[in-house]
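[1] need a 3D model of the sequence below.
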Amino acid sequence: MTFEQLGLITPLLQAIKTAGYTTATAIQQEAIPVALQEKDILGCAQTGTGKTAAFAIPILQLLSREKAKGPRHIRALVLTPTRELAVQIGESFTAYGRHTALKQQVIFGGVPQHTQVNAIREGVDILVATPGRLLDLVQQGHIQLSQLKLFVLDEADRMLDMGFINDVKKITRLLPLQKQTLFFSATMPPPIQELANSLLRQPVKIEVTPASSTVEKIDQLMYMVDKKDKQSLLTHLIREKKIDRSLVFTRTKHGADRIAKKLNREGISADAIHGDKAQNARQRALLNFKTGKLAVLVATDIAARGIDIDDLTHVINFDLPNIPETYVHRIGRTGRAGASGIAFSFCDQEERAFLKDIVKVIAQTIPVQEQHPFKPIPSQQVTKPVMQVINKAASNTGYRHKAPQFQRRRGPLVNI
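    As a prediction, the model looks like this:
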């Protein structure tokens, strides 16, 4: 379906065309007409499905219908968990709304508030905010939300993961009762479902590609490797595969810094992005990665949520996540907007239980790369489907560890 078929106004169609888009994604096809009817939405969609445009475009059209009288007031609020995601949502509103008279502002913590406060005083139609900075400015009297018409809660499950759920509840109590709410989450754990129930009025539920599924155009490959050899394997793959743009995920902030430092020593341009880094350092690293000055961006999950990089060819899981759905979010950084992508993952002995859970959730096998210089068992490695291998390796019954093999209590050794 084209955007022309969605009943959009000419200024938006012109901006969408300039941005290079012609065909709406599945969630855009479903969400935009519903939002334009001023109905509440409960949206469940994985990353990379075009969710931002699915709420930004109808918001711009709805606000354009109603000409603001007198001073500008905040009529639309988008609440999002991270600074990076807030910036990217703001960029989307700017791109799609370039031919409208609407003004938008992004606010987040970690930077001085002076510039943000001045922009709000001058008048803003659309505010994109992270919870902490929004509450700060409300409490200081710089932000009034009494004129709000539209409220978007984006990445609700990540709000829960990051401990923002109480802040979100405080903010929702400040909003007018009569408003349109667009609620988006990749997963729906009970606390998020409860929050949705409290906010939405007869919502239209839109579910596009369950969170447990991975994008079909992403080629996935698993590397079994000892923990001590992961860094060497990473360097090897970047050079052998001639990877000039890859997003590498690690479990810890310290690990992200260590990986980036070692890559730079190997002559591979890299930087790390995580919550302990100053905002200007995070934005500089992200900008350098987007513009091609960096070959590798190493990130933790929280810092990377919402990163949208055009033409990102590779995602590499240096550490496997202990939450299976996180694997889906991570590899969804590539293969976006119909493009293809490649996801490499490293699995050491301690992470095999995580891999078992991932395989179970995505309900598909992940091919194992048997031939690489750092495989943990150099000889007589048995090739088996990943599901069988992981089930056997992670089983709590019938096996006891005997490095570097697993031995059945009765019967012959089985190499995996």
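[2] can you list the weak-confidence ranges in this structure?
    Counting by pLDDT under 70, the chain has low-confidence residues at 46-48, 68-69, 209-216, 302-308, 310, 335-339, 377-416.
[3] okay, domains of it per the record?
    The chain is divided into the following domains under automatic domain parsing: 3-208, 218-414.
[4] in JSON lines, list those along with mean neighbour count.
    For the C-beta atoms, the positions are set from N, CA and C on the backbone; glycine is no exception. As requested, those are exported to JSON lines (neighbours: other CB atoms under 10 Å):
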{"stretch": "domain 3-208", "mean neighbour count": "18"}
{"stretch": "domain 218-414", "mean neighbour count": "18"}
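[5] hmm, who's touching stretch 218-235?
    When contacts are defined by CB atoms under 8 Å, 6 or more residues apart in numbering, stretch 218-235 is touched by residues 214, 248, 259, 262-263, 266, 268, 316, 318, 331-332, 334-335, 340-350, 355, 366-369, 372-376, 386.
[6] isn't Lys205 right up against Leu42?
    Yes - judged on CB atoms under 8 Å, Lys205 makes contact with Leu42 at a distance of 4.7 Å.
[7] need the CA coordinates for stretch 257-267. PDB is fine.
    Listed in PDB are the C-alpha atoms of stretch 257-267, where the atom choice follows Å, rounded to 0.1, in the frame of the first residue of the first chain:
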ATOM      1  CA  ASP A 257      34.800   0.000  26.600                       C
ATOM      2  CA  ARG A 258      37.200  -2.900  26.700                       C
ATOM      3  CA  ILE A 259      36.100  -4.200  23.300                       C
ATOM      4  CA  ALA A 260      36.300  -0.800  21.600                       C
ATOM      5  CA  LYS A 261      39.700  -0.100  23.100                       C
ATOM      6  CA  LYS A 262      41.100  -3.400  21.800                       C
ATOM      7  CA  LEU A 263      39.600  -3.000  18.400                       C
ATOM      8  CA  ASN A 264      41.300   0.400  18.100                       C
ATOM      9  CA  ARG A 265      44.600  -1.100  19.100                       C
ATOM     10  CA  GLU A 266      44.100  -3.600  16.200                       C
ATOM     11  CA  GLY A 267      43.600  -0.700  13.800                       C
END
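[8] list the contacts of the residue lying closest to Pro321 once chain neighbours are set aside.
    Spatial nearest neighbour of Pro321, chain neighbours left out: Tyr327 (5.4 Å); criterion: CB to CB, 6 or more residues apart in numbering. Counting by CB under 8 Å, 6+ apart, Tyr327 touches Thr214, Asn317, Leu320, Pro321, Ser345, Ile358, Val361, Ile362.
[9] next, give phi and psi for Tyr327.
    Backbone torsions for Tyr327, taken as degrees, to the nearest 10, come to phi -60, psi -40.
[10] cool, and Ala24?
    Main-chain torsions, Ala24, degrees, to the nearest 10: phi -80, psi 140.
[11] just to revisit the earlier point, looking at the contacts of Tyr327, which one is closest to Ser146?
    Using CB to CB, Pro321 is the member of the contacts of Tyr327 that lies nearest Ser146, at 41.3 Å.
[12] for the stretch 1-150 of the chain, which segments count as helices?
    For the stretch 1-150 of the chain, the helices defined by DSSP state H, counting those that start in this stretch occupy 10-18, 26-36, 51-65, 83-96, 114-122, 131-139.
[13] can I get the fourth one as CSV, trimmed to CA atoms?
    To tie it back to what came earlier, the one meant is helix 83-96. What follows is helix 83-96 as a C-alpha-only set of coordinates in CSV (Å, rounded to 0.1, in the frame of the first residue of the first chain):
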residue,chain,number,x,y,z
ARG,A,83,18.0,9.9,24.8
GLU,A,84,19.1,8.3,21.5
LEU,A,85,15.6,7.2,20.7
ALA,A,86,14.2,10.6,21.7
VAL,A,87,16.6,12.3,19.3
GLN,A,88,15.7,10.0,16.4
ILE,A,89,12.0,10.4,17.0
GLY,A,90,12.6,14.2,16.9
GLU,A,91,14.4,13.8,13.6
SER,A,92,11.5,11.9,12.2
PHE,A,93,9.0,14.6,13.2
THR,A,94,11.3,17.2,11.6
ALA,A,95,11.6,15.2,8.4
TYR,A,96,7.9,14.4,8.0
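[14] which of the contacts of stretch 218-235 fall in helices?
    Among the contacts of stretch 218-235, DSSP state H puts Ile259, Lys262, Leu263, Ile331, Leu355, Val386 in helices.
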